[in-house]
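Student: need a 3D model of the sequence below.
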Amino acid sequence: MSQTPGNASTRAAGAATAARTPADDPLSAADFSKDNLFVQIGRMASAFWTARERNKLVLLAISLVLVITATALMQIRLNAWNRPFYDSLTHKDIAAFESQLRVFVELAAILLALNVSQVWLNQTSRVVLRQGLVHDLLEQWLKPLRAFRLTNAGPIGQNPDQRLHADAQHLTELTTDLGIGLLQATLLLLSFIGVLWVLSQHMVVPLGGQRLHVPGYMVWCALFYAGTASLCSWAVGRPLIALDAERYAREANLRFALVRANEEIEGITIYGGESDEKQHLNAIFDTVIEVSLRIVGAMTRLTWITSGYGWFTIVAPILVAAPSYLTGEMSFGELMVAVGAFNQVQTSLRWFVDNFSTIADWRATLLRVASFRAAVMTMDQLGAGSGLVDLEESERGAIRIDDLEIAAPSGSIRLSDPHVQLAPGERVFVAAERGAERTLFFRALIGLWPWGRGRIERPARAAMMFLPARAYVPPGSLRGALCYPCAAHEFDDAATSRALAAVGLERLQPLIDTTARWDRQLNDDEKQCLAMARVLLQQPQWLVLNGVFDTLDSASRRRIETLLTHELAGLGIINIGAGGEADFLNRRFRLVSDSTGPRFMPHERSTALTQ
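Tutor: Down below sits the predicted model:
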């Protein structure tokens, strides 16, 4: 039954993060990129293994192995079919030719069914993989306090929506395609390398007038051919991994800037700042274009290698087998079987070459998702070097604060009285000149900002409601927004009508079940009045307000003061503000800055962060 500040409220504590820069804050993607590839893959595999979609993924994997194995066996059969088919053409044997056509139709029908099955399994695996990954990321991200702490952790906490949506989708699609491709290439290699060895075990190589016999001659040629191609591709295309990761980060920054401009368009228009916003957005977009052009150059250089080897592949197996065919040691059908087997082997071996740009993309995306997940899981230890406030929940209904010092980047914040005892129903005003100080104290009472020292004893979270300076209105119907975070069905129409009327929003009663963007349709005063209507509905023991009265117009303020004086006369209140406390507040404290107190230093990582 509590309301926590939304993303917008974090602006009030901008000073809490201003002291950090990406350069000195290790909680960035670069910090976790030091983990090697296998560590990152292991972490993601463990996430999938504990996901509720695990059984589906295992069943899909087994099905894919069976289908791809069957496809490889049928391709061996199809490759063997080349010999009698081309021999029938060479000998102009019509009966054998017609017989082999019937065999081909049977093989093609089976392969078609297998290919369709593989496509279905591929697409289904994409969906289930994404389902499991996003469920896991949401589970880790939205554990109590983690998402909020991540916003104070530096660059790694920027644009989590991009990592949860676009990056997660892209990673699962690439993982599925590359995984299936690698499995298929491996099975084909194991299947055809033996065929190619048998076909080429008696081949000879003319060398300096001599005929040199090399067992498995075409196998060694295929290995050398694909090996050199892979080595060259790795050397030329390796920069793509870092470039792709940089591009995704810059694309995320652009998307965030566009969303921010759209959300703040009223303020931008009021100030006539369209030109400045356009320059700002163009500057961010230019960084995207700059890294995209570098990727174009890297892709072009890689294409010289991959396409060059691709074109030469057309004649490579024929050139390798030509000496034996030209000397009459093999028939045309045997040549085509050897060429087909060589192509299958070197294509399997060249899987790395053909997919290097995709692998680089996958590696960059894996880095973004794995580093985000690893960072989220360290949020419980964020700022541990700054000390922690002892927050205790009790059933007494009172609030007690002893020797509280809240860690901030520039020092600490404390109350003017070191020991504060608030009885149930008591009403106090806590004054502070700076919004950042008020917000940090507000967050410390909630438990969002645990860094510092001292002790806070308060009722359970369910017995308290917290109202930030900017009220949060969730998406959905007005009834859902009014009852939030309780379920809409917990309060009848009579109760909701009384609550809306008490705060002057009775005009909204006919729209109570209308779903709309209420966060935009209501102005700031109406949003705060809606938040106060929640208090009237849910009847907590304590209400903590952060600058609420400082932002209200006089009419709304008088209405809410009347509500707190009459209908909610027994409610305990802590009002944190800049000044002008109301008559119903009977005690006063002050927030004091102390430059010698504990400081919030997220860049001092605890042992748990480095393990």
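Student: kindly provide the distance from residue 423 to residue 576.
Tutor: According to CB to CB, to the nearest Å, residue 423 and residue 576 sit 19 Å apart. All C-beta spots, glycine's among them, are computed from the backbone N, C-alpha and C.
Student: wait, doesn't residue 73 sit right on residue 191?
Tutor: Yes - using CB atoms under 8 Å, residue 73 is in contact with residue 191, at 7.1 Å.
Student: let me see the ranges of the helices in the stretch 201-350 of the chain.
Tutor: Assigned by DSSP state H, counting those that start in this stretch, the stretch 201-350 of the chain shows helices spanning 217-237, 239-263, 265-270, 274-312, 316-326, 332-349.
Student: which helix is the longest one in the chain?
Tutor: In terms of residue count, the longest helix belonging to the chain (DSSP state H) is helix 94-141.
Student: pull the following helix or strand past it out as CSV, backbone CA atoms only.
Tutor: Where DSSP states H and E defines the elements, the next helix or strand beyond helix 94-141 is helix 146-150. The C-alpha coordinates for helix 146-150 follow below in CSV (Å, rounded to 0.1, in the frame of the first residue of the first chain):
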residue,chain,number,x,y,z
ARG,A,146,17.4,-3.2,-7.8
ALA,A,147,15.9,-1.2,-10.7
PHE,A,148,16.1,2.0,-8.7
ARG,A,149,19.7,1.3,-7.6
LEU,A,150,20.7,0.6,-11.1
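Student: and the contacts of whichever helix or strand comes after helix 146-150?
Tutor: Sequence-wise, the next helix or strand downstream of helix 146-150 (DSSP H and E) is helix 160-162. With CB atoms under 8 Å, 6 or more residues apart in numbering as the contact definition, helix 160-162 has outside contacts at 141, 147, 150, 248, 251-252, 255-256, 372.
Student: now swap in stretch 421-433 and tell me
Tutor: The contact list for stretch 421-433 (CB under 8 Å, 6+ apart) reads 396-400, 415, 438, 441, 541, 570-579, 581-582, 584-591.
Student: okay, buried residues for that stretch please.
Tutor: 422, 426-432 (16 or more other CB atoms under 10 Å).
Student: stretch 49-56 too?
Tutor: For stretch 49-56, by 16+ other CB under 10 Å, it's 51, 53, 56.
Student: nearest residue to the last one in space, please, no chain neighbours.
Tutor: Nearest non-adjacent residue to residue 56, counting by CB to CB, 6 or more residues apart in numbering: residue 128, 5.0 Å away.
Student: wait, what's in contact with the one you found?
Tutor: By CB under 8 Å, 6+ apart, the neighbours of residue 128 are 53, 56-57, 60.
Student: hmm, try it at 6 Å
Tutor: 53, 56-57 (CB atoms under 6 Å, 6 or more residues apart in numbering).
Student: ok, residue 513 next?
Tutor: Residues near residue 513 by CB under 6 Å, 6+ apart: 477, 479.
Student: distance to residue 517 and pLDDT for the contacts of helix 160-162 - can I get that in a markdown table?
Tutor: Shown next, in a markdown table, are the contacts of helix 160-162 (distance: CB to CB, whole Å; pLDDT from 0 to 100):
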| residue | distance to residue 517 | pLDDT |
| --- | --- | --- |
| 141 | 24 | 83 |
| 147 | 22 | 78 |
| 150 | 26 | 79 |
| 248 | 29 | 78 |
| 251 | 26 | 84 |
| 252 | 24 | 79 |
| 255 | 20 | 82 |
| 256 | 20 | 81 |
| 372 | 28 | 83 |
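Student: redo these as TSV? Include neighbour count and distance to residue 492.
Tutor: Listed next are these as TSV, based on neighbours: other CB atoms under 10 Å; distance: CB to CB, whole Å:
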residue	neighbour count	distance to residue 492
141	19	35
147	17	33
150	21	39
248	23	49
251	20	48
252	20	45
255	17	42
256	15	41
372	25	43
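Student: tell me the one of those residues nearest residue 447?
Tutor: Nearest to residue 447, judged by CB to CB, of the contacts of helix 160-162 is residue 147 at 13.8 Å.
Student: distance-wise, check the closest one relative to residue 253.
Tutor: Counting by CB to CB, the gap from residue 147 to residue 253 is 19 Å.
Student: how about residue 466, secondary structure?
Tutor: Under DSSP: H, G, I helix; E, B strand; the rest coil, the three-state class of residue 466 is strand.
Student: residue contacts, the residue nearest to it when sequence neighbours are not counted?
Tutor: In space, residue 466 comes closest to residue 544 once its chain neighbours are excluded; the distance is 4.9 Å by CB to CB, 6+ apart. Neighbour list for residue 544: 445, 466, 574 [criterion: CB under 6 Å, 6+ apart].
Student: what is the neighbour count of the second one?
Tutor: Residue 466 sits with 23 neighbouring residues when counted by other CB atoms under 10 Å.
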